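> With the input below, show me the fold.
(2 chains)
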Amino acid sequence: MNGIATPRGGLIDVNVPPELYRPGEGIRDEALRPDGVPVHGWGEFFESYQRHGAAGLVEWREVALRISRDRGLAYRPDRGEGPHWSLDPIPWIFSPEEWKGIENGVAQMLRLSAAILADLYGPQTLLDRGLIPASIILGHRGFLRALHDSPPGERIIGLGLTAFDLARGPGGSTYILNGRFDCPYGLGVALENRTVINRVLPNLFRRCQVRRIGYFFNEWFDYLAERSPRGAENSRIVILDSDNGSESSEIGFLANYCGITRVLPSDLTVRNSSVWLKALSGLMPVDVIWKVTHGRDLDPLEANWRLTAEGVPGMFEAIRRGTVAVASHPGAEVLQSPGLFPFLAKLCRELLGEDLALTPAETWWCGDPASKKHVLANLSGMVIKSVGHHRDFRTRYGQRLSGYELAELRARIEADPERYVGQEELQISTVPTSRDGGLVPRGAVMRSFAFLDAKGDPRVMPGGLGRVSTAEGVIISTRESGESKDIWVRSHSPDAPISIERRLEQSRVISPEVVPSRRGENLYWAGRYGERTDSIARFANRLVIGRTAGFSYGRNLEAKHEKTLVEALFRVFEADLWIAKVTDPDKRLSLILADPNCPAGVGPNVSSFYRACMAAREEWSLTSILAIESARNRWFARTAGEFESPYRYENELQNLALHLAAFHGLNLDSMTRDEAWGLLDAGARMERMSILVSLLAYILEVDEPAPMGTLLNESVLFVSDSLGTYQSKFHSVPTTDYALRLLLGEEDYPRSMHYLLERLENVLQKLKAPARSAPPHERVAPMRADLDAFLARLEDEEEFGAAKRREALAFLHSMRDRLNELHDYLTISYFSHVGYHG
Amino acid sequence: MNMVRYRIRHRTAYSYSGRIDLYHSLAHLRPREDEGQETLAHCIEVLPEPKVRAERKDSFGNITNYFSIEQSHDFLEVIATTTVLRPEVTVRLPDSGVAWDDLVVAPGEKDASGVRLGNYLLPTPAFPSFASVTEFLAPSLIPGRETMDLVNEVMKRIFTEFKYKPGATDTGTPLETVMQQREGVCQDFSHVMIAALRSIGIPVRYVSGYLETLPPPGQAKLQGADASHAWVEAWTPATGWVGFDPTNNLLPGSRHVKICHGRDYFDVQPLKGIFLGTGMQTLLVEVDVERM
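Numbers count the residues shown, from 1 in each chain, chains lettered A, B, ... in the order given. The predicted model follows:
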């Protein structure tokens, strides 16, 4: 059967003409040989590319971009921090034979790393024997002395899911550039890339018989479940993300795909030396933690540096006692020291009895005098890294440094040689990348993912995250932006499609649906901030209209009205101090419309709304996310810069109101009426009532007679979105008496307190009663009774005069207090769980 | 050898304006039992009663106590009571037989207690760089000077050139600030000395402990008047670890009672804790060192 090489497509006879794709002179290309023949495995790609041409390429790119956008992707060019990768539609393809070599190399690195880790947190014979210089380990910030007595073993996981950065050298050797043992970022992006490219190039994907990566995740969760201290049948697994991780938005995607609860450190608590998840329904035991946070931040109690609020105090004690399994070992970061590179080959022979399969980037540790000499002699061609990952030193590329900077670097190395390594700058291979409607060669690295299963056998993901530089000849650093690629590993026979059912079944076992308290709290605040933003936008709108169209009450009176309304706004949102010293009306308006920090301003509340929504991202449909994003992006895009005049805000205030209305409408339409919904809705209702009672109380306090009083009443009704309703109901100019009747007592009117309380009582029933406490909705009943009593008084025969005004004020104040109490109660019982004593 | 017997009571009390529902704590309050000092009795009382308690050794051989309080409280009290025997010795500055600029210490080498000396040579998160002490140290660096003599000189200079001023710093004050304002407390002086000596390759460690204070002549000693204290120890091959107290410019003797040692204050903080709850805390620490 000569000639039937596999995969089938590898045999396709195409010759790629140089005008279609031309790799650089003397640089190895992954796809095309110097003679114009595709590398084994790339035949189908070039054949397809030839058929579609440049137009096809442009289309692929556009489709990829559109799908990514529609999926509300992790790439967030607007975040302005950390790397973000856009997706190049051209995959990086490997034949089965080629991949085998990489897979073996990664598997070996993983076994080697696990052996080193076990030694470092155990007997440290590698240090005793001088196989690793002690200062490399002892000076590394990720070496956790607190776990000196907790080596990986039966109860403590060593390496969890690990990432290795690889590149290909001129002769086809595979370089290892880095290991990521602590936070293996990129997994979510790889998964996402696959989902997108699968849809961009479905035919090519099928023809190439690309291996599926979903199995890898199943195996990974099987492994995690097996590590559960209570056995696989009782294993709640969570993925622990960090609040401030700049690369972490992909984690939400990962969690969603895997059907696993994503938690932040503040979601977890240690009680009785076990780890618990703070959920709306109470504390739930956590058995396995897949952490994508730094191990050194995991337990602030046992960190060396000063205490921070981050992390989960008591976590290390739980790990020591084996009540929870954490992957990876929190001290695994020490393996990331580039100082280990010069010693890997020898360590591999000593620990595994094998020759190192991958080629480590050639590295010289300056603690060794001869190596230091070499580094200093070749400084301008070196990459200098800190051995201990200390914050005071960032990786420097000799090529990019000025003479002065080189001298400064030289002095640093001379002063503390043990703290630095020099690495050669590698000549790496290129892969075809789409650029401006053509195919160009670009330097590429790939991140490969792997773990050791329960038997200790390596499992390597057949795929990974490819990254290409966006410019020619530029060094690729993980800290910089670039483009990512899907990695295709071909197989001789097609993989069976991965069973969604099995995955779902698995996720029910490992991560039963639960709403973490923090998410619940953010939902609650999303409700509150949404309402608050809406209300401030109405205030602002009213003020802007006063300036543009006016109210036909005359200039003096309108100026006074503006002043009172502004003061009402600042009082309602408890920001009086902000205007205490500001008398200029324009400056006051600018605080509301353009200030980045003023709590009674539009912008800061839009931001808070956005943040709360994003912290509960799991709850929204893609369309809702679009509405949230639009609300924020449009407001900030159109109102950027200094405050000039109120006119330019008129349109944007309306747009903002529209986007918020869309958000509310979408939620009404698409959210399940569960406890999450209950909190979102409760937040919105409570905020609306708080604003209402404060605003009414303020107006009663200033007690302006007509015509000013009339104009103010009109404004109150406008701000409460009830002016039209009032006019069609009473056909008269607004009086305080009737405004109160409408806003407090109207039945079946969503803006009235009567309706809001009824609704609040209703939605709070979605929440499970906390232990040893009355259910939350029972707290609303007395408020309703108070309201009814007051309404009866309001509607009795007596004219609305000083006595009734006093009573109204007393009622509003007591209502505000009760709302605050309810807020505190919800916070304590459902969000912070401070009242729990298990 | 004559022994001095001390009874030490170290009381820490927190009161909170609100309720605390969960408190995790780690204590370094039990004295080490090496280097001639013997603990006759020791107990740590915690109120309210902890749900979990664990005693173990840290990587420096110190005895640590972890506890968690899981009942609602607004007052927390930790009382460590210790009786120790401390040898009464006359301390003299030993001769290391090696000049500081000839001293070479391998970071992987272990001291008598089995801890690698590299721990005491390298930067820690608290002071990732030694740069801020370079200028201060320079005048003392006479080539060929015997190592212990140099260490002693550095101690003396810290004592004379820095002002002891309680309240001038807190535990989070960076070394750079201490170097600039030239004032602080025993913890700061120890850190200055550590950074200075480590910057020239002398292993040095931070020691937490107590110092017996004597009342002014003719007066009775006040209760709770003593305090936690800190000093350092420096190492050479010939001498092993030798103590230096830069706050008092003396070599620690029988009036110094050692609790723990580590790379810096943060390795051996006597009591640290993290609470979950609302409210502000007020802290009260009383130490009595009583010669029996």
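> pretty sure residue A:675 is touching residue A:763, no?
No: look at residue A:675 against residue A:763 with C-beta atoms under 8 Å: they stay out of range, at 9.6 Å. C-beta coordinates here come from the backbone N, C-alpha and C atoms, glycine included.
> for the closest residue to residue B:52 other than its chain neighbours, helix, strand, or coil?
Once flanking residues are discounted, residue B:52 sits nearest to residue B:68: 4.7 Å by C-beta to C-beta, 6 or more residues apart in numbering or on different chains. Secondary structure assignment for residue B:68 (DSSP: H, G, I helix; E, B strand; the rest coil): strand.
> Tell me who's in contact with residue B:193.
B:154, B:155, B:158, B:204, B:232, B:244, B:246 (C-beta atoms under 8 Å, 6 or more residues apart in numbering or on different chains).
> one more time with 6 Å
B:158, B:232, B:246 (C-beta atoms under 6 Å, 6 or more residues apart in numbering or on different chains).
> I'd guess it is in a helix, am I close?
Yes: under three-state DSSP, residue B:193 sits within a helix.
> where's it relative to chain A, distance?
19 Å (C-beta to the nearest C-beta, to the nearest Å).
> For chain B, give me its nearest residue in the stretch 451-600 of chain A.
residue A:517 (12.5 Å; C-beta to the nearest C-beta).
> what sits opposite the residue nearest to residue B:52 in the beta ladder?
residue B:24, residue B:52 (DSSP bridges).
> Identify the residues contacting the residue of the stretch 101-250 of chain A found nearest chain B.
Closest approach between the stretch 101-250 of chain A and chain B, counting by C-beta to the nearest C-beta: residue A:134, at 3.3 Å. Each residue near residue A:134 by C-beta under 6 Å, 6+ apart is listed here: A:127, B:107, B:108, B:116, B:118.
> for the residues you listed, which one is nearest residue A:229?
Distance to residue A:229 across the contacts of residue A:134 (C-beta to C-beta) is lowest for residue A:127, with 30.6 Å.
> How many neighbouring residues does residue 25 have?
In the absence of a named chain, chain A is used. For residue A:25, the count of nearby residues is 6 (other C-beta atoms under 10 Å in any protein chain shown).
> Chain B is the one I meant
Count around residue B:25 with other C-beta under 10 Å applied: 23.
> isn't it right next to residue B:273, touching?
Yes: contact criterion C-beta atoms under 6 Å: residue B:25 and residue B:273 qualify, at 3.7 Å.
> Now do the same contact list for the closest residue to residue A:39 other than its chain neighbours.
Sequence neighbours aside, residue A:31 is the residue nearest to residue A:39 in space, at 5.6 Å (criterion: C-beta to C-beta, 6+ apart). By C-beta under 6 Å, 6+ apart, residue A:31 lies in contact with A:39, A:42, A:432.
> A strand includes the last one, no?
Yes: secondary structure assignment (three-state DSSP) places residue A:432 inside a strand.
> How many residues are close by the residue of the stretch 101-250 of chain B found nearest chain A?
Going by C-beta to the nearest C-beta, chain A is nearest to residue B:108 of the stretch 101-250 of chain B, at 3.3 Å. Counted by other C-beta under 10 Å, the residues lying close to residue B:108 total 20.
> May I have the secondary structure class of it?
coil.
> List phi and psi for residue B:28.
phi -120, psi 80 (degrees, to the nearest 10).
> was I right about it contacting residue B:265?
No: using C-beta under 6 Å, residue B:28 makes no contact with residue B:265, being 10.2 Å away.
> Spatially, what comes nearest to the residue of the stretch 101-250 of chain A closest to chain B if we skip its sequence neighbours?
residue B:108 (3.3 Å).
> Low-confidence ranges, the stretch 101-250 of chain B, go.
B:222-225 (pLDDT under 70).
> cool, chain A as well?
A:1-13, A:69-85, A:243-249, A:304-309, A:390-392, A:470-481, A:498-512, A:833-838.
> Closest to the centroid, which residue in chain B?
residue B:208 (2.1 Å; C-alpha atoms, centre = their mean).
> Up against chain A, what does chain B have?
Applying C-beta under 6 Å from any C-beta of the partner chain, we find that chain B lies next to chain A at B:21, B:24, B:26, B:51-52, B:59, B:66, B:70-71, B:107-108, B:116, B:118-119, B:122, B:125, B:128-129, B:172, B:266, B:274, B:277.
> Pull out the buried members of the residues you listed.
For the residues of chain B next to chain A, a burial check counting by 16 or more other C-beta atoms under 10 Å in any protein chain shown picks out B:21, B:24, B:26, B:51-52, B:59, B:66, B:70, B:107-108, B:116, B:118-119, B:122, B:125, B:128-129, B:266, B:274, B:277.
> Report the contact partners of the residue of the stretch 151-300 of chain A found nearest chain B.
Residue of the stretch 151-300 of chain A nearest chain B, by C-beta to the nearest C-beta: residue A:273 (5.1 Å). Residue A:273 makes contact with A:317, A:318, A:321, A:323, B:52 under the criterion C-beta under 6 Å, 6+ apart.
> if we go to 7 Å?
Residue A:273 makes contacts with A:314, A:317, A:318, A:321, A:323, B:52, as judged by C-beta atoms under 7 Å, 6 or more residues apart in numbering or on different chains.
> From residue A:320, how far off is it?
9 Å (C-beta to C-beta, to the nearest Å).
> Quick check: neighbours shared by those two?
Counting by C-beta under 7 Å, 6+ apart, nothing touches both residue A:273 and residue A:320.
> Run through the helices of the stretch 1-150 of chain B in chain order.
Taking DSSP state H, counting those that start in this stretch to define them, one finds helices in the stretch 1-150 of chain B at B:134-137, B:147-161.
> same check, this time on the stretch 701-838 of chain A
Counting by DSSP H, counting those that start in this stretch, the helices of the stretch 701-838 of chain A are A:708-719, A:723-730, A:736-740, A:753-764, A:781-794, A:802-826.
> Output the shortest one in CSV with nothing but the alpha carbons.
As requested, the backbone C-alpha atoms of helix A:736-740 are provided in CSV (Å, rounded to 0.1, in the frame of the first residue of the first chain):
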residue,chain,number,x,y,z
THR,A,736,-47.8,68.1,46.2
ASP,A,737,-50.9,66.3,47.6
TYR,A,738,-51.7,64.6,44.3
ALA,A,739,-48.1,63.9,43.3
LEU,A,740,-47.8,62.0,46.7
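> what comes into contact with that helix?
Against helix A:736-740 from outside (C-beta under 7 Å, 6+ apart): A:696, A:713, A:716, A:717, A:726, A:730, A:794, A:800, A:808.
> Name only those of these that count as buried.
A:696, A:713, A:716, A:717, A:726, A:794, A:808.
> about what we covered before: that's a strand at the residue nearest to the centre of chain B, yeah?
Yes: Residue B:208: assigned to a strand according to three-state DSSP.
> Who are the contact partners of it?
B:28, B:228, B:230, B:259, B:260, B:268, B:270.
> repeat that with 6 Å
Here residue B:208 is in contact with B:230, B:259, B:260, B:268 (criterion: C-beta under 6 Å, 6+ apart).
> Compute the distance between it and residue B:196, please.
With C-beta to C-beta as the criterion, residue B:208 and residue B:196 are 19 Å apart.
> Scan the contacts of residue A:273 and report the most crowded one.
Highest count within the contacts of residue A:273 by other C-beta under 10 Å belongs to residue A:314, 29 neighbours.
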